[in-house]
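> here are the coordinates; sequence isn't available:
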């Protein structure tokens, strides 16, 4: 089931403090309306009682889709470093595996750091696409356009909703402002070719994106840092 708790928060505009109910986890199989709230940017959104400003509280959130046996942890790295987040994630997963009965298959678990990554991943999963294949395609797009698309400055997100049977559409966002700068088109037939390669040689993809955080952008930035 979905779980919410009471939190004391401060308005970023006027500093007014108030107590609000925020979700720690959502079970979209039981409460699909919460998925719509996530899509529409209404989940964990607060309106200040002092100045009427509306703002979203980005906090750790567990997205659970029991129908697809998937758990996605959104863990904003605003307080802890990504390394600390990954360490905490590993401890949480150990506790989860220990709590599961031996005859219950563990869920597929993923980790994201932003709301945009969470929404993108949900759409990818619901479209029946392979997330590692999508990230591999992003990896090749970045690698072939490093001057135009430096990973440290640009973020690629797959726009599943507006993609067509012929083309996949990738939004190019400024990593600091999250503003849309461009749209790239990629042949869907090429996606199917990469997916075939993934199914024939999955180890190559698993090595590049070992998970639970699967990100072409992060992989490339880590490679660049290692070269320096």
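That came through, no problem. What you are looking at is a predicted structure, and each value in this text was computed from that prediction instead of being measured. Residues are numbered from 1 along each chain as shown.
> Just list what the one helix or strand residue 155 maps to packs against, helices and strands only.
Using DSSP states H and E, residue 155 sits within strand 154-159. Applying 3 or more C-beta pairs under 8 Å, 6 or more residues apart in numbering; DSSP states H and E, we find strand 154-159 packed against helix 115-126, helix 131-144, strand 167-174, strand 180-187, helix 216-227. (C-beta placed from N, C-alpha, C; glycine too.)
> Centre of the chain to the longest one, how far?
Its chain's C-alpha centre and that of helix 131-144 lie 15 Å apart, by C-alpha atoms, centre = their mean, to the nearest Å.
> what's the angle from that helix to helix 115-126?
Helix 131-144 and helix 115-126 meet at an angle of 130 degrees, taking axes from the mean of the first three to the mean of the last three C-alpha atoms, to 10 degrees as the criterion.
> just the third one next, same as before
For the pair strand 167-174 and helix 115-126, the angle between their directions (the same axes, to 10 degrees) equals 170 degrees.
> So what are the sheet partners of strand 167-174 and their directions?
Taking DSSP bridges as the criterion, strand 167-174 forms sheet pairs with strand 154-159 (antiparallel), strand 180-187 (antiparallel).
> Downstream of the last one, the next helix or strand is which one?
Sequence-wise, the next helix or strand downstream of strand 180-187 (DSSP H and E) is helix 188-200.
> any idea which residue of this structure is furthest from its center?
In the chain, the residue that sits farthest from the middle, by C-alpha atoms, centre = their mean, is residue 50; the gap is 32.4 Å.
> was I right about that one contacting residue 12?
No: Residue 50 is beyond contact range of residue 12, at 11.5 Å (criterion: C-beta atoms under 8 Å).
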